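1. what's the 3D shape of this:
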Amino acid sequence: MRALGVASASAALALSVAGNALACDISEFSAEAKCDGDKGVITVTDKDPSGIPATVTVFLQNNGADLKKIGEQTVKGSREGVTITFAEDWKPNAEYRVHVKAAGYVDEDIEPNLTTPSTACKKDEEKPPAPSDTPTPTPSDSASTPAEETESPAPSESASTTAPAENVPSPAAGDSNLAETGANSNTGLIAGIAVALVAVGGGAVFFGLRRRGAKSEG
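-> The predicted model follows:
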């Protein structure tokens with residue numbers, strides 16, 4: 001009988017140890033800050049094989065105090081692990097406290113507190129550089145196109161008023177001699193000969209008159 005009692009006690013102790021080993025424990029919970037596209041999330045995974053329901057609460061910390069409550073969810077773990085997700089657009093190097101409570105088993109925080117990565121999920125878009133206050137230099141007068149090249153020369157009066165020679169109608173036969181009289185290069189020679197003939201004629205008349213007077217006197 002005594003031996004049977006010892007065996008029963010040993011079996012009960014073994015079952016108790018086994019039961020405690022399968023019970024919910026804080027070491028079976030883990031938290032992580034991740035990115036879902038360009039949005040931040042916080043995930044908590046429960047690897048409790050007993051599947052005891054546990055309430056998980058996430059707080060944003062600031063200087064060791066709770067700044068705000070992010071959310072609260074209930075999870076039933078498994079040997080493979082069950083993960084729950086909290087939508088939180090976290091900032092780089094932010095700190096979160098994750099508390100787990102399973103009635104009669106766990107009522108404590110996951111240690112240490114969760115610290116987010118140093119790089120945000122959404123990269124800031126590059127802003128275009130601000131316009132400079134320096135005015136844009138304008139081309140100098142010397143660099144501008146010369147006036148001679150830009151302004152077309154004004155047509156001369158002779159070119160604009162004088163019609164081509166071939167378009168001028170030829171004068172009539174009677175008018176050609178009159179026109180040539182004033183423009184011919186032989187006009188001076190002809191005038192000189194005419195004057196000489198007049199002088200010769202005048203001299204002949206003069207000598208004729210003298211000879212006639214001399215004869216009358218004799």
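
2. list the contacts of the strand ranked longest in the chain.
-> The residue-count maximum for a strand in the chain (DSSP state E) belongs to strand 65-76. Contact with strand 65-76 is made by 42, 44, 46, 48, 51-61, 82, 84, 86-88, 96-97, as judged by Cβ atoms under 8 Å, 6 or more residues apart in numbering. C-beta here means a position set from N, CA and C on the backbone, and glycine is covered the same way.

3. stretch 110-120 too?
-> With Cβ under 8 Å, 6+ apart as the criterion, stretch 110-120 contacts 26, 29-33, 40, 42, 44, 61, 90-100.

4. next one: stretch 27-38
-> With Cβ under 8 Å, 6+ apart, stretch 27-38 has contacts from 40-48, 54, 56, 58, 77, 85, 90, 96, 98, 100, 106, 110, 114-117, 121-122.

5. repeat that for 7 Å
-> 40-48, 77, 90, 98, 100, 110, 114, 116-117, 121-122 (Cβ atoms under 7 Å, 6 or more residues apart in numbering).

6. stretch 48-58 now?
-> Contacts of stretch 48-58 (Cβ under 7 Å, 6+ apart): 22-24, 28, 42, 44, 46, 69-79, 84, 86, 96, 98-102, 105-106.

7. again, only this time at 8 Å
-> Contacts for stretch 48-58 (Cβ under 8 Å, 6+ apart): 22-25, 28-29, 31, 42, 44, 46, 69-79, 84, 86, 88, 96-102, 105-106.

8. give me the helices and strands touching the longest helix anywhere in the chain, please.
-> If you go by DSSP state H, the chain has its longest helix at helix 187-217. If you count contacts as 3 or more Cβ pairs under 8 Å, 6 or more residues apart in numbering; DSSP states H and E, helix 187-217 packs onto no helix or strand.

9. can you give me the strands in this protein?
-> Under DSSP E, the chain gives strands at 29-36, 39-46, 53-62, 65-76, 82-87, 95-102, 106-109, 114-115.

10. let's have the ones you listed in a markdown table, adding distance to Val205.
-> A markdown table is the format used below for the strands of the chain (distance: least, Cβ to Cβ, whole Å):
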| stretch | distance to Val205 |
| --- | --- |
| strand 29-36 | 139 |
| strand 39-46 | 138 |
| strand 53-62 | 147 |
| strand 65-76 | 148 |
| strand 82-87 | 144 |
| strand 95-102 | 149 |
| strand 106-109 | 160 |
| strand 114-115 | 148 |
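
11. dump those strands into JSON lines; add distance to Gly192 and mean neighbour count as well.
-> Formatted as JSON lines, the strands of the chain follow (distance: least, Cβ to Cβ, whole Å; neighbours: other Cβ atoms under 10 Å):
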{"stretch": "strand 29-36", "distance to Gly192": "120", "mean neighbour count": "16"}
{"stretch": "strand 39-46", "distance to Gly192": "120", "mean neighbour count": "19"}
{"stretch": "strand 53-62", "distance to Gly192": "129", "mean neighbour count": "18"}
{"stretch": "strand 65-76", "distance to Gly192": "130", "mean neighbour count": "13"}
{"stretch": "strand 82-87", "distance to Gly192": "126", "mean neighbour count": "15"}
{"stretch": "strand 95-102", "distance to Gly192": "130", "mean neighbour count": "21"}
{"stretch": "strand 106-109", "distance to Gly192": "141", "mean neighbour count": "15"}
{"stretch": "strand 114-115", "distance to Gly192": "129", "mean neighbour count": "18"}
